[in-house]
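S.K.: Dropping the sequence and predicted coords here.
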Amino acid sequence: MVVMTPRFSFPTTNAPLTRRQLLKLAGAGTSAVVFASCGGEEEPRTVSANATGTSGCTTTPMQAAGPFAADIGEERIDITDGQVGSLLELNFTVLGSGDCLPLTGAEVVLWHANAQGVYSGFADQGEFDTTSENFLRGSQRSDGNGTVRFTTIYPGWYPGRTTHLHIQVTPAEGEAVTTQLYFPDNISNAIYTRHEAYEDRGAKDTTNDADGQGADLAPLRMNVIEANTGHFASHTIGLDL
């Protein structure tokens, strides 16, 4: 496993948040995605999460892997690979939906677009051919707290889609499940208009509410707070085993 030191400190399940961070997170709320299997079809649900456990499951849609899904088979925390953009630290916690205890050893695969809205590993992306590159892709296995973390850049946008990232979670015993996670519109547009890596493209053309996925994205919106030189985003993912 390649372990690289994050470029700024960010909250983890073992590190207490500051009062300012707690207030921001409390205002945003937390949620977990639960994927339940019924009659051979995956039926995801959300679980309201707090610091000690979860309760109150409700149904929520899954999200497609999309046309640029690929697991490069490399476990690493820093997935930037020299890509320029606003620094983003991601922290995901994987829980079991029954008792909502942390799941150890779950493989979490992450991929998303760069500042220009381009994915690595694929051709036919307008003027871009990235078939020989693996930027902004990687995986981690959840620790004893069910936690994984990634250092990356804030994803860019492309026409018809709001800002998002892709994540696939495979528990130590069970089937892989896939979804997409989303960012607050106001934070995305602020970054796109003030950070030079995104300024050529400007504000995105699609809001969360108008996204082509056509689903209620609220349960899949991450908690995002400003942290030092970039942003910190977190989400809890629950798996029905």
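M.R.: Looks like it came in fine. Here the structure is a predicted model, which means the values were calculated and not measured.

S.K.: residue contacts, the residue nearest to Trp157 when sequence neighbours are not counted?
M.R.: Spatially, and ignoring its direct neighbours in sequence, Trp157 is nearest to Lys204 (3.9 Å; C-beta to C-beta, 6 or more residues apart in numbering). Placement of C-beta: from N, CA and C, glycine included. Counting by C-beta atoms under 8 Å, 6 or more residues apart in numbering, Lys204 makes contact with Trp157, Thr162, Thr163, Ser188, Asn189, Tyr192.

S.K.: which residue ranges form the helices in this protein?
M.R.: Secondary structure of the chain, counting by DSSP state H: helices at 19-28, 185-194.

S.K.: least reliable of the ones you listed going by mean pLDDT?
M.R.: Across the helices of the chain, helix 19-28 has the smallest mean pLDDT, namely a mean of 39.

S.K.: Compute the number of surrounding residues for Asp99.
M.R.: 8 (other C-beta atoms under 10 Å).

S.K.: do the one 10 residues further on as well
M.R.: The number of residues packed around Val109, counting by other C-beta under 10 Å, is 23.

S.K.: residue contacts, it?
M.R.: Per C-beta under 8 Å, 6+ apart, neighbours of Val109: Asp71, Arg137, Gly138, Ser139, Ile167, Gln168, Val169, Thr170.

S.K.: let's see it at 7 Å
M.R.: Asp71, Ser139, Ile167, Gln168 (C-beta atoms under 7 Å, 6 or more residues apart in numbering).

S.K.: Would you mind measuring from the last one to Asp99?
M.R.: The span separating Gln168 from Asp99 equals 23 Å under the rule C-beta to C-beta, to the nearest Å.

S.K.: Mind listing what's buried along stretch 150-165?
M.R.: 150-158, 161-165 (16 or more other C-beta atoms under 10 Å).

S.K.: my bad, should have said stretch 180-191
M.R.: Applying 16+ other C-beta under 10 Å to stretch 180-191 flags Gln180, Leu181, Tyr182, Phe183, Pro184, Asp185, Ile187, Ser188, Asn189, Ile191 as buried.

S.K.: with those in mind, which one is nearest to Ala115?
M.R.: Ile191 (9.4 Å; C-beta to C-beta).

S.K.: these two touch, right, the closest one and Leu88?
M.R.: No. Between Ile191 and Leu88 there is no contact under C-beta atoms under 7 Å: 9.3 Å.

S.K.: Give me the common contacts of those two.
M.R.: Shared contacts of Ile191 and Leu88, counting by C-beta under 7 Å, 6+ apart, come down to Tyr154.

S.K.: Report the residue spans of the protein with pLDDT below the cut-off.
M.R.: Across the chain, the ranges flagged by pLDDT under 70 are 1-62, 67-68, 72, 98, 121-132, 214-216.

S.K.: Please flag which of the contacts of Val109 sit within strands.
M.R.: With strands taken from DSSP state E, the overlap with those comprises Ser139, Ile167, Gln168.

S.K.: Let's see if you can find the most crowded of the residues you listed.
M.R.: Ile167 (26 neighbours).

S.K.: how much space between the residue lying closest to it once chain neighbours are set aside and Leu220?
M.R.: Distance criterion C-beta to C-beta, 6+ apart; nearest residue to Ile167, sequence neighbours excluded, is Leu110 at 5.5 Å. Relative to Leu220, Leu110 is positioned 14 Å away (C-beta to C-beta).

S.K.: Quick check: buried residues in stretch 84-96?
M.R.: Gly85, Ser86, Leu87, Leu88, Glu89, Leu90, Asn91, Phe92, Thr93, Val94, Leu95, Gly96.

S.K.: wait, isn't the fifth one in contact with Phe232?
M.R.: Pointing back at Glu89 there. Yes. Counting by C-beta under 7 Å, Glu89 does reach Phe232; the two are 4.9 Å apart.
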